[in-house]
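>>> Structure for the following, please:
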Amino acid sequence: MMRHHCSNRCFFKFLLVTVVGSMVILLSRVYLRSPLDFENGLYEFISVSNQSTIKAQRVATQQQEMLREITKSTSLRPMPSHINDKSAAQPTSISKGNVREEKTLNRTNMNSSYPNTTLSESTSTTTFVPLVEPPDCVGEFPVRCFVLTKIEKTGSSTLFAIFARYVRSHRLNILMQTKFVHIDWRRPKGRAWDIGPGRVTRADVLINHARYNKSMIDQYVRKGYKYVVIAREPVSWFKSAAKYYDFLFGKQTPQQILYNNRTLYAPRSEASGIATWFHLHQLQWLGFNYHRDKDNMTAIRQHIDWVVPKIDVVMLNEQYDASLIILRRRFGWSYTDIFYSKYIITNSKVTQLSVNATKKLLSPEVNLGEKILYDRLNETWWSQSELEEDNFWEEVDHFSSLNSDVSARLCQQVFSSKREVTISSSQWHEALNLTFDTCHNLLKLKYIPMMEDLGSYALGNRYKYHERFS
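Here you go, the predicted structure:
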């Protein structure tokens with residue numbers, strides 16, 4: 001009898017444990033965001049007594065799961081002028097699938113770039129803010145939406161600095177990588193790259209290292225953007241690149257690299273979309289399919305025929321100042337917008353290639369495709385109507401002289417007096433005001449701090465220059 005009573009009692013204990021365990025598993029599946037969050041979620045369920053709060057949390061979770069894309073923002077920023085301005089064109093639509101989750105903090109933003117921005121911290125409420133579809137920029141003047149294919153060793157870092165200064169001064173939205181310097185199109189928006197500081201579906205500009213991908217750019221940059229490309233004569237480019245990247249290849253000279261196939265065709269990390277360091281490099285940045293067509297001269301010519309007509313502003317490293325004057329005229333910018341100080345200078349003239357080495361470099365087996373590309377861009381550049389206008393080259397000389405004077409003398413006056421300096425008007429421009437900020441960004445802000453500053457402006461603390469994707 002005692003044995004029978006004990007077995008019944010053990011059976012009921014076992015049944016009770018089974019039922020309780022089943023209820024706990026069921027509750028975890030119903031109420032928790034993820035089964036892996038069991039411990040924290042169960043504590044949350046038991047400790048929260050307000051059922052309406054629980055219901056609201058469940059609804060928010062369901063909404064979150066239904067969204068296609070969520071971008072988490074750790075700080076609030078003022079909207080760019082074309083979004084804040086009530087007189088500006090109204091957005092054409094609201095994207096329903098793109099939502100940014102925003103948790104507010106109850107403190108004043110101490111970032112000097114945004115002195116009027118306050119953040120509140122009082123509540124843990126999660127709000128969902130739709131991303132705005134900005135208006136097209138077709139016919140917009142001055143031009144404030146543009147794309148630069150930043151080809152390495154063409155003078156593109158200096159051009160990037162000009163564009164970055166313009167982005168900051170005009171509060172534009174930029175498509176920006178989250179780590180290091182390259183945009184990896186293989187990775188999704190919100191992880192490898194994103195758009196900021198505004199909550200918009202399309203950026204105003206793309207100016208970082210990003211291999212030309214027309215479909216991605218058309219999807220994530222405002223419609224009607226201007227496409228800018230800067231290129232360099234292939235022999236000069238090769239010598240400059242060989243000297244700049246020599247630390248990667250045991251300090252080899254350009255001629256040694258050219259005759260060492262292991263180095264000449266050395267692969268690189270394809271996070272940037274570029275497969276090699278020296279072979280068909282400029283073509284690859286312009287979207288050429290290297291792995292499929294590197295040995296196909298017909299495919300190379302067809303790609304050049306396809307991409308060159310899409311370029312709105314062709315710039316040549318060898319005609320840098322003249323190219324900037326053409327860009328200024330077409331974009332409706334001021335001289336202060338295009339003043340520059342050179343970044344990452346590599347003197348390719350100190351290293352010469354022999355005649356035979358030059359022939360090898362420009363052979364079909366090596367970089368003949370680069371020569372065909374440059375010849376086409378060079379022909380396009382010299383056929384531009386601006387070159388036929390009266391006094392064009394006089395304006396180029398004036399700008400070159402003035403730009404040198406700004407760096408060598410006028411900005412030094414601004415720094416010493418801590419006051420603006422006014423540049424007298426000329427037949428090519430009105431009176432110009434040189435501010436402390438302009439001179440600081442022009443001369444004092446080095447490349448890496450400039451990149452970090454732009455990343456912080458666009459993405460806040462989500463941008464990590466010193467991190468790379470594996």
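
>>> Give me the below-cutoff pLDDT ranges for the stretch 101-250 of the chain.
Of all residues in the stretch 101-250 of the chain, those with pLDDT under 70 make up the ranges 101-128.

>>> ranges for the helices of it?
156-169, 214-220, 234-244 (DSSP state H, counting those that start in this stretch).

>>> same check, this time on the stretch 301-450 of the chain
Under the criterion DSSP H, counting those that start in this stretch, the stretch 301-450 of the chain contains helices at 320-331, 335-338, 355-361, 368-382, 392-405, 411-417, 436-439, 447-459.

>>> Is it possible to get CSV of those that adds mean pLDDT?
Shown next, in CSV, are those (pLDDT from 0 to 100):
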stretch, mean pLDDT
helix 320-331, 98
helix 335-338, 97
helix 355-361, 96
helix 368-382, 98
helix 392-405, 97
helix 411-417, 95
helix 436-439, 93
helix 447-459, 91
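
>>> Distance to residue 288 added to the ones you listed, as JSON lines?
C-beta here means a position set from N, CA and C on the backbone, and glycine is covered the same way. Converted to JSON lines, the helices of the stretch 301-450 of the chain look like this (distance: least, C-beta to C-beta, whole Å):
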{"stretch": "helix 320-331", "distance to residue 288": "23"}
{"stretch": "helix 335-338", "distance to residue 288": "29"}
{"stretch": "helix 355-361", "distance to residue 288": "18"}
{"stretch": "helix 368-382", "distance to residue 288": "8"}
{"stretch": "helix 392-405", "distance to residue 288": "32"}
{"stretch": "helix 411-417", "distance to residue 288": "40"}
{"stretch": "helix 436-439", "distance to residue 288": "38"}
{"stretch": "helix 447-459", "distance to residue 288": "26"}
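
>>> Which one, of the ones you listed, ends up nearest to residue 424?
Nearest to residue 424 among these is helix 392-405; the distance by C-beta to C-beta comes to 10.3 Å.

>>> other SSEs contacting that closest one?
Using 3 or more C-beta pairs under 8 Å, 6 or more residues apart in numbering; DSSP states H and E, the elements in contact with helix 392-405 are helix 320-331, helix 335-338.

>>> Centre of the chain to stretch 238-248, how far?
Taking the mean of its C-alpha atoms, stretch 238-248 sits 24 Å from the chain's own mean (C-alpha atoms, centre = their mean, to the nearest Å).

>>> nearest to residue 153, of the helices of the stretch 301-450 of the chain?
helix 368-382 (12.0 Å).

>>> Which residues belonging to the closest one are considered buried?
By neighbour count on 16 or more other C-beta atoms under 10 Å, the buried set for helix 368-382 is 368-374, 376-378, 381.

>>> what about residue 419, distance to residue 408?
According to C-beta to C-beta, to the nearest Å, residue 419 and residue 408 sit 18 Å apart.

>>> Is it possible to get JSON lines of the helices of the stretch 101-250 of the chain that adds mean neighbour count?
What follows is the helices of the stretch 101-250 of the chain, written out as JSON lines (neighbours: other C-beta atoms under 10 Å):
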{"stretch": "helix 156-169", "mean neighbour count": "21"}
{"stretch": "helix 214-220", "mean neighbour count": "14"}
{"stretch": "helix 234-244", "mean neighbour count": "22"}
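
>>> Tell me which of the helices and strands packed on helix 392-405 sits nearest to residue 307.
Of all the helices and strands packed on helix 392-405, it is helix 320-331 that lies closest to residue 307, at 18.1 Å by C-beta to C-beta.

>>> For that closest one, enumerate the helices and strands it packs against.
By 3+ C-beta pairs under 8 Å, 6+ apart, helix 320-331 packs against strand 226-231, strand 313-316, helix 335-338, helix 392-405.

>>> In PDB, list the C-alpha atoms belonging to it.
Output in PDB follows, covering the C-alpha atoms of helix 320-331 (Å, rounded to 0.1, in the frame of the first residue of the first chain):
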ATOM      1  CA  TYR A 320      43.800  69.300 -62.500                       C
ATOM      2  CA  ASP A 321      43.100  73.000 -62.200                       C
ATOM      3  CA  ALA A 322      41.400  73.300 -65.600                       C
ATOM      4  CA  SER A 323      39.200  70.400 -64.700                       C
ATOM      5  CA  LEU A 324      38.200  72.100 -61.400                       C
ATOM      6  CA  ILE A 325      37.200  75.300 -63.300                       C
ATOM      7  CA  ILE A 326      35.000  73.200 -65.600                       C
ATOM      8  CA  LEU A 327      33.400  71.500 -62.600                       C
ATOM      9  CA  ARG A 328      32.900  74.800 -60.900                       C
ATOM     10  CA  ARG A 329      31.100  76.300 -63.900                       C
ATOM     11  CA  ARG A 330      28.900  73.300 -64.500                       C
ATOM     12  CA  PHE A 331      28.000  72.900 -60.800                       C
END
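
>>> ok, and the closest non-adjacent residue to the most centrally placed residue in the chain?
Nearest residue to the geometric centre of the chain (C-alpha atoms, centre = their mean): residue 176, 3.0 Å. Excluding its sequence neighbours, the residue lying closest to residue 176 (C-beta to C-beta, 6 or more residues apart in numbering) is residue 458, at 4.3 Å.

>>> tally of neighbours for the one you found?
For residue 458, the neighbour count with other C-beta atoms under 10 Å is 26.

>>> Now for it: which residues touch it?
Residue 458 makes contacts with 173-174, 176, 194-197, as judged by C-beta atoms under 8 Å, 6 or more residues apart in numbering.

>>> Turn these into JSON lines, including distance to residue 444.
As requested, the contacts of residue 458 are exported to JSON lines (distance: C-beta to C-beta, whole Å):
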{"residue": "173", "distance to residue 444": "26"}
{"residue": "174", "distance to residue 444": "22"}
{"residue": "176", "distance to residue 444": "22"}
{"residue": "194", "distance to residue 444": "28"}
{"residue": "195", "distance to residue 444": "28"}
{"residue": "196", "distance to residue 444": "25"}
{"residue": "197", "distance to residue 444": "23"}
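
>>> Of those residues, select the buried ones using a ChimeraX command.
Burial among the contacts of residue 458 is assessed by 16+ other C-beta under 10 Å; the matching ChimeraX selection reads:
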select :173,174,176,194,195,196,197
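
>>> ok, now which ones touch residue 252?
242, 246, 260, 263.

>>> coming back round to it: nearest to residue 351 among the buried residues of helix 368-382?
Minimum separation from residue 351 among these (C-beta to C-beta) is found for residue 370, which lies at 17.9 Å.

>>> which one is the closest one nearest to, not counting chain neighbours?
Using C-beta to C-beta, 6+ apart and skipping residues adjacent in sequence, the residue nearest residue 370 is residue 234, 3.9 Å away.

>>> What are the neighbouring residues in contact with that neighbour?
With contact taken as C-beta under 8 Å, 6+ apart, residue 234 is in contact with 282, 361-362, 367, 370-371, 374.

>>> Swap in 6 Å and give it another go.
Residues counted as contacts of residue 234 (C-beta atoms under 6 Å, 6 or more residues apart in numbering) are 367, 370-371, 374.
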